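Engineer: Any chance you could fold what I've pasted below:
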Amino acid sequence: MTDALKSKLKTLPASPGVYFHKDKNGEVIYVGKAAVLKNRVRQYFQNGPKDPKTTRLVAEIVDTDWIVVDTEMDALFLEAQMIKRYMPKWNIDLRDDKNVSYVRIDMKSPVPYVSFTRNPIDDGADYYGPYFGTKGIKAALRALRRVFPFYDKPFDGRKTLYTDLKLTPGIEVGYTTAKEYKHNLKNLIQYIKGNRQKLMKELEQEMKKASDSGNFEQAAIYRNQLFGLKELATKIIFSDKEFLDISSDQALSELQKLLNLSEPPKRIEGYDISHQSGTNVVGSMVVFINGVADRTKYRKFKLRNQRNDDPANMREIITRRLRHLDDWGRPDLVIVDGGELQLNAVADLLNAENIPFVGRDKSGNHSKNATAKIMLGDMRRETGGIGALSSYDSNASDEPGNDPREERRQGLLVSSHVEKLLQRIDDEAHRFAITYHTLLKRKNQLR
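Structural biologist: From the prediction side, this is the model:
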């Protein structure tokens, strides 16, 4: 352990949080959570017996960073997000999407219910997540259900044990109405989204308003909800949307510097195309928020013109995507799967909207160790023209040459964090496109 690391460990706080062990190259090799950072992180470097895995891990640790959170539940959710973002080699669990779950609520239904799913679909319902594993989120909702009663199955009008326990709103026995239940459910959603302080202020205002108007029964309901939330604050907390300072994320901050962005890209979209010789041509759009996949925002496209022309196909997809900037949201960065032809086909469209873009060309080879060429679009935003493209080979040497773009080129070459993030987004876009293409092909074969 270096003197610098020894000094750093002395500053560890006695707070819950997530820690990042790094190797000599600054690579994040392990992410962990702690109820008390000070105690947990120091354990790695204390004398005493350790299992073989921990011994090998500690031998590689050169530096450690951490993020302080409010509660252990925050640390649980944040740890999972950070493992998904950095894919550390020493983390075995949570590295794939098999244990990702979402909370589903269909507010358009006359009587909505709350459920869980691993695969959100485009059915008009609202999905919240992703949450890694179901145990933690189910425990959280069990506690919240005592404050904001809800149905966990489609409403059939029958009284159940949950009705007597007041874990449902009790529409079936006249405790409340469907309208009042939906209002209550919106409060639950606010809490899930992380708007805790705003919700508590609104409940205080509603309680005072009901009391002033003489509706003491309703005021008591708001009072009980308020007290319940204050009690939960010490037990279960969901991460706020703006919880992370993403400027401290290495991959995102390096992307900001590389592409000369005003701030780290919060919303990154990846695009890919899949077809078989111009038949069953489909496209995919995947969305990463703060470096983490958000499947609720994914979109798939069935190409209107079925053709064996990837640049034209990509142009159609991006054209259709840009029509939804208001309702789908605006990307801070677009990653296009393909080479210079695909990127040039869409560069004028993205330039016109001042949206930064990058191309990732694997020449059709999507194996794990395939060589990737990154195409950087020079965005001429004032003219909307197509800029020159610089590229690099991910397996190329780091030796400087005579390329006038060498500084920019080297900045990406040495950045394993950026390369990992771009690869993860590109691979996810490819997976999503292949899945849709396969589904479409099977449907057509059954006709």
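
Engineer: quick one: pLDDT of residue 120?
Structural biologist: pLDDT for residue 120: 79.

Engineer: where does the stretch 201-350 of the chain have low pLDDT?
Structural biologist: 228-249 (pLDDT under 70).

Engineer: Apply 90 and report the result again.
Structural biologist: Applying pLDDT under 90 to the stretch 201-350 of the chain flags the ranges 201-264, 266, 275-280, 288-297, 304-308, 310, 337-344.

Engineer: Strands along that one, start to end?
Structural biologist: 267-276, 279-289, 292-293, 299-302, 333-337 (DSSP state E, counting those that start in this stretch).

Engineer: what about the stretch 1-150 of the chain, any weak spots by pLDDT?
Structural biologist: For the stretch 1-150 of the chain (pLDDT under 90), the answer is 1-4, 15-18, 23-29, 31-36, 43, 46-56, 65, 67-103, 116-149.

Engineer: Now do the strands in it.
Structural biologist: 17-22, 28-34, 63-68, 100-105, 114-117, 126-132.

Engineer: The ones you listed: which one's closest to residue 295?
Structural biologist: Closest to residue 295 of these, according to Cβ to Cβ: strand 126-132, at 6.4 Å. Using the backbone N, CA and C atoms, a C-beta is placed for each residue, glycine as well.

Engineer: So residue 426 sits against residue 335, correct?
Structural biologist: Yes. Using Cβ atoms under 8 Å, residue 426 is in contact with residue 335, at 6.1 Å.

Engineer: and for the two, which residues touch both?
Structural biologist: Each of 270, 360 lies in contact with both residue 426 and residue 335 under the rule Cβ atoms under 8 Å, 6 or more residues apart in numbering.

Engineer: These two: which is more packed in?
Structural biologist: Remark: of residue 426 and residue 335, residue 426 carries more neighbours, 26 against 23, as counted by other Cβ atoms under 10 Å.

Engineer: re earlier: okay if I get the strands of the stretch 1-150 of the chain as a markdown table plus distance to residue 170?
Structural biologist: Putting the strands of the stretch 1-150 of the chain into a markdown table (distance: least, Cβ to Cβ, whole Å) gives the following:
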| stretch | distance to residue 170 |
| --- | --- |
| strand 17-22 | 40 |
| strand 28-34 | 38 |
| strand 63-68 | 41 |
| strand 100-105 | 18 |
| strand 114-117 | 16 |
| strand 126-132 | 23 |
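
Engineer: nearest to residue 353, of these?
Structural biologist: strand 126-132 (26.8 Å).

Engineer: on that earlier part again, okay if I get the strands of the stretch 1-150 of the chain as JSON lines plus mean neighbour count and distance to residue 268?
Structural biologist: Shown next, in JSON lines, are these (neighbours: other Cβ atoms under 10 Å; distance: least, Cβ to Cβ, whole Å):
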{"stretch": "strand 17-22", "mean neighbour count": "22", "distance to residue 268": "21"}
{"stretch": "strand 28-34", "mean neighbour count": "22", "distance to residue 268": "19"}
{"stretch": "strand 63-68", "mean neighbour count": "16", "distance to residue 268": "21"}
{"stretch": "strand 100-105", "mean neighbour count": "21", "distance to residue 268": "18"}
{"stretch": "strand 114-117", "mean neighbour count": "16", "distance to residue 268": "24"}
{"stretch": "strand 126-132", "mean neighbour count": "20", "distance to residue 268": "16"}
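
Engineer: So which of the strands of the stretch 201-350 of the chain is nearest residue 139?
Structural biologist: Closest among the strands of the stretch 201-350 of the chain, once you apply Cβ to Cβ, is strand 292-293, at 21.6 Å.

Engineer: counting contacts, what elements does that closest one pack onto?
Structural biologist: If contacts are counted by 3 or more Cβ pairs under 8 Å, 6 or more residues apart in numbering; DSSP states H and E, strand 292-293 sits against helix 72-86.

Engineer: thinking again about what came up before, residue 215: which of the strands of the stretch 201-350 of the chain is closest?
Structural biologist: strand 279-289 (40.7 Å).

Engineer: Strand partners (parallel or antiparallel) of the closest one?
Structural biologist: strand 267-276 (antiparallel), strand 292-293 (antiparallel), strand 299-302 (antiparallel) (DSSP bridges).

Engineer: List of residues touching it?
Structural biologist: Strand 279-289 is contacted from outside by 266-275, 293-294, 297-303, 306-307, 313-314, 316-317, 321, 331, 421, 424-425, 428-430, 432-433, 436-437, 440-441, 444, using Cβ under 8 Å, 6+ apart.

Engineer: And it, what's buried?
Structural biologist: 280-289 (16 or more other Cβ atoms under 10 Å).

Engineer: What is the nearest of those residues to residue 1?
Structural biologist: Nearest to residue 1 among those, with distances taken as Cβ to Cβ, is residue 288, at 34.7 Å.

Engineer: quick one: the closest one from residue 263, how far?
Structural biologist: Counting by Cβ to Cβ, to the nearest Å, the gap from residue 288 to residue 263 is 16 Å.

Engineer: Same question for residue 21.
Structural biologist: In terms of Cβ to Cβ, residue 21 sits 27 Å off from residue 263.

Engineer: And for residue 331?
Structural biologist: Taken as Cβ to Cβ, the span from residue 331 to residue 263 is 14 Å.

Engineer: Helices along the stretch 301-447 of the chain, start to end?
Structural biologist: Shown for the stretch 301-447 of the chain, the helices assigned by DSSP state H, counting those that start in this stretch span residues 310-322, 325-328, 340-352, 406-413, 416-445.

Engineer: May I see the strands of the stretch 201-350 of the chain arranged in a markdown table, with distance to residue 31 as well?
Structural biologist: Below are the strands of the stretch 201-350 of the chain laid out as a markdown table (distance: least, Cβ to Cβ, whole Å):
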| stretch | distance to residue 31 |
| --- | --- |
| strand 267-276 | 20 |
| strand 279-289 | 17 |
| strand 292-293 | 13 |
| strand 299-302 | 30 |
| strand 333-337 | 24 |
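
Engineer: Compare these and give me the one nearest residue 259.
Structural biologist: Taking the strands of the stretch 201-350 of the chain one by one with Cβ to Cβ, strand 333-337 is closest: 7.2 Å.
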